[in-house]
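>>> Provide a 3D model corresponding to the input given below.
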Amino acid sequence: MKKIFLALAFCGLINEVKAQTASVEKSIFGIQTGFLGIWGYNEAKLSNKIALRSEIGFDSGIWGGDFYDKTGFLMTPVLTLEPRWYYNLDKREKKSKRIDGNSGNFISLKTSYHPDWFVISNYDNINIVSDISIIPTWGIRRNIGNHFNYETGIGFGYRYIFAKQAGYLQNESEAALNLHLRIGYKF
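Here you go, the predicted model:
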């Protein structure tokens, strides 16, 4: 009788351990680069499926044409806060796919601010007009080995431009697109 009781208790313990739900990591630090920029980030766990991504980096731009002597390039600082809901972690875990480093599909609300602090450019006396954007985004992140990852996302939202501070008569707003493809390193 004792053997049967111990066997049932052991099976119940194994079932209880297996019943844990998949979760985002407590805190992740890393850097990412893409076609037009470089960013450092932290993702902090808010719940089992939600992480708050804070990011600081440089967004870049390229311009050119007949009106310019040379092709222009600039880098400007960007600050981003982005709550992310990783909605398929349980499904990935059941299929024995990796979820470490918050590897999964996500839906987020990317909020970015471009301050007019400084600009790095191959042209002199370049300024930007500060703006803030709020863009609902769908994306994926996957791991490559233990430290490297790639991420892609697409979203469509709203951008508010603080044009008055640059001398224009009124501020402006417009539609905004977030289309990114990044490769990164997780510390």
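>>> contacting residues for residue 143?
98, 100-101, 103, 149 (CB atoms under 8 Å, 6 or more residues apart in numbering). For glycine as for every other residue, the C-beta is placed from the backbone atoms N, C-alpha and C.
>>> could you pick out the buried ones from those?
101, 103, 149 (16 or more other CB atoms under 10 Å).
>>> check which helix or strand covers the last one.
Using DSSP states H and E, the secondary-structure element containing residue 149 is strand 148-161.
>>> thinking again about what came up before, between the contacts of residue 143, which sits nearest residue 119?
Nearest to residue 119 among the contacts of residue 143 is residue 149, at 29.2 Å by CB to CB.
>>> out of the contacts of residue 143, which are inside strands?
Judged by DSSP state E, strands contain the following of these: residue 149.
>>> and the strand holding residue 149, what's buried?
Per 16+ other CB under 10 Å, strand 148-161 contains these buried residues: 149, 151, 153, 155, 157, 159, 161.
>>> okay, and the beta partners of the second one?
The bridge-partner assignment for residue 151, based on DSSP bridges, gives residue 141, residue 182.
>>> about what we covered before: need the buried residues of strand 148-161 in a markdown table with pLDDT, can you?
Shown next, in a markdown table, are the buried residues of strand 148-161 (pLDDT from 0 to 100):
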| residue | pLDDT |
| --- | --- |
| 149 | 96 |
| 151 | 96 |
| 153 | 97 |
| 155 | 97 |
| 157 | 97 |
| 159 | 97 |
| 161 | 96 |
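>>> of all these, which two lie farthest apart?
Most distant of the buried residues of strand 148-161, by CB to CB, are 149 and 161, 32.2 Å apart.
>>> residue 90 should be in a strand, yeah?
No. Going by DSSP: H, G, I helix; E, B strand; the rest coil, the assignment for residue 90 is helix, not a strand.
>>> skip the chain neighbours and tell me the closest residue to it.
Leaving aside its sequence neighbours, residue 90 sits nearest to residue 22 (CB to CB, 6 or more residues apart in numbering; 4.9 Å).
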